[in-house]
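Undergrad: could you look at this predicted model? Sequence included:
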Amino acid sequence: MNTPEELIPVIDWWQKDGKKTVALLACVGVVALCVNLWFDRSNRLEGEASNYAYGPDVSIEELQDAVAKYSSQKASGVIKLRLAEKYAQEKQYENAVEIYKALAADNSIPEVLASRVALGLANCQESLAQWGDALKTYEALSAGDNAAIAFDVKLGVARCYAFTEGAKDKLEKLEALKKEYANDKFLLNRIEKTIDVIKSK
C-alpha cells in the first residue's frame, strides 16, 4: 500500500511525538476534569453551609452535624454561632460559652458579627452567675462603638456590677443609667425592672 506523500509528515510525527502528545493531552484533560469537579463540589458544599448559616431555623442536632461537616467552609463560623445561640435558647449555657469563647479566639466569623459573639458570651456568663467574667466581657464590649447594642451593654455592666461581690453601691450604675435614659420610657422601664430584681435578692 502506497502512502500519499502529504501524509508522510503526519505519520513521521505520530511515530516520533504523536503518542506522547496524545497521552499528555489526555492527562491535561483528566486534570482539568478533576479541577472542575473539585470546584463544583466546593461550590456545592459552600452553598449547603450557607444554608445552615443563614437559612431557616434547624435543630441543635442538625447544627452539630453541620459544624462537623462544613468545618472547612467559609460559613463555618456562622454555623457555630447559630449553634451557640441555639444552646443558649435551650439553657445549655456551658456548651454555648465554650463555642462563644472559641469563636472569639479564632476570628472565624465576619467582623460584623463579633459583637454578637461577645454579647452572647456575656449573657450566658450571667445566666451561669459568673458575674465577674460577664462584667469583663460587657466592659470589653463597651469600648466599641456599636450603637445597636450600646444600651444592652450598659445595662449588662450595671447589672453585673450590682451582683459582683464587693460592689459598694449595688444600684449606683443603674441609677446613673436611669438619668441617662430618663426620656426613653421603654428603656427606663427595663432599668427599673432590673432594679426591682436586684432589690428582691
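TA: That came through, no problem.

Undergrad: mind checking how far the spatially most central residue of the chain is from G55?
TA: Nearest to the geometric centre of the chain sits V78, at 2.9 Å (CA atoms, centre = their mean). Using CB to CB, to the nearest Å, V78 is found at 11 Å from G55. Bear in mind the C-beta positions are built from the backbone N, C-alpha and C, glycine included.

Undergrad: follow-up on the earlier one: residues near the nearest residue to the residue nearest to the centre of the chain once chain neighbours are set aside, how many?
TA: Leaving aside its sequence neighbours, V78 sits nearest to A53 (CB to CB, 6 or more residues apart in numbering; 3.8 Å). Neighbour count of A53, defined by other CB atoms under 10 Å: 21.

Undergrad: all strands of the chain, in order?
TA: Read by DSSP state E, the chain holds no strands at all.

Undergrad: so, low pLDDT: which residues of it?
TA: Flagging of the chain using pLDDT under 70 yields the residue ranges 1-45, 166-168.

Undergrad: and with 80 instead?
TA: Scanning the chain for pLDDT under 80 picks out 1-52, 72, 107-108, 143-146, 165-168, 201.

Undergrad: residues in contact with K101?
TA: Residues near K101 by CB atoms under 8 Å, 6 or more residues apart in numbering: L121.

Undergrad: just the helices in the chain please.
TA: Counting by DSSP state H, the segments of the chain that form helices are 8-13, 19-54, 60-69, 76-89, 93-106, 114-127, 131-142, 150-163, 172-180, 185-200.

Undergrad: only alpha carbons, please: show the third one as PDB.
TA: Which is helix 60-69. What follows is helix 60-69, C-alpha atoms only, in PDB (Å, rounded to 0.1, in the frame of the first residue of the first chain):
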ATOM      1  CA  ILE A  60     -29.300  21.500  67.700                       C
ATOM      2  CA  GLU A  61     -28.500  18.100  66.300                       C
ATOM      3  CA  GLU A  62     -28.600  19.400  62.700                       C
ATOM      4  CA  LEU A  63     -26.400  22.300  63.600                       C
ATOM      5  CA  GLN A  64     -23.900  20.000  65.400                       C
ATOM      6  CA  ASP A  65     -23.800  17.800  62.200                       C
ATOM      7  CA  ALA A  66     -23.300  20.900  60.100                       C
ATOM      8  CA  VAL A  67     -20.500  22.200  62.200                       C
ATOM      9  CA  ALA A  68     -18.600  18.900  61.700                       C
ATOM     10  CA  LYS A  69     -19.500  18.500  58.000                       C
END
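
Undergrad: what's the angle from it to helix 93-106?
TA: Comparing the axes of helix 60-69 and helix 93-106 via axes from the mean of the first three to the mean of the last three CA atoms, to 10 degrees yields an angle of 30 degrees.

Undergrad: next one: helix 60-69 to chain centre, how far?
TA: 14 Å (CA atoms, centre = their mean, to the nearest Å).

Undergrad: so which bits of that helix are buried?
TA: By neighbour count on 16 or more other CB atoms under 10 Å, the buried set for helix 60-69 is 63, 66-67.

Undergrad: let me know the closest of those residues to G156.
TA: Set against G156, the nearest of the buried residues of helix 60-69 by CB to CB is L63 (25.7 Å).
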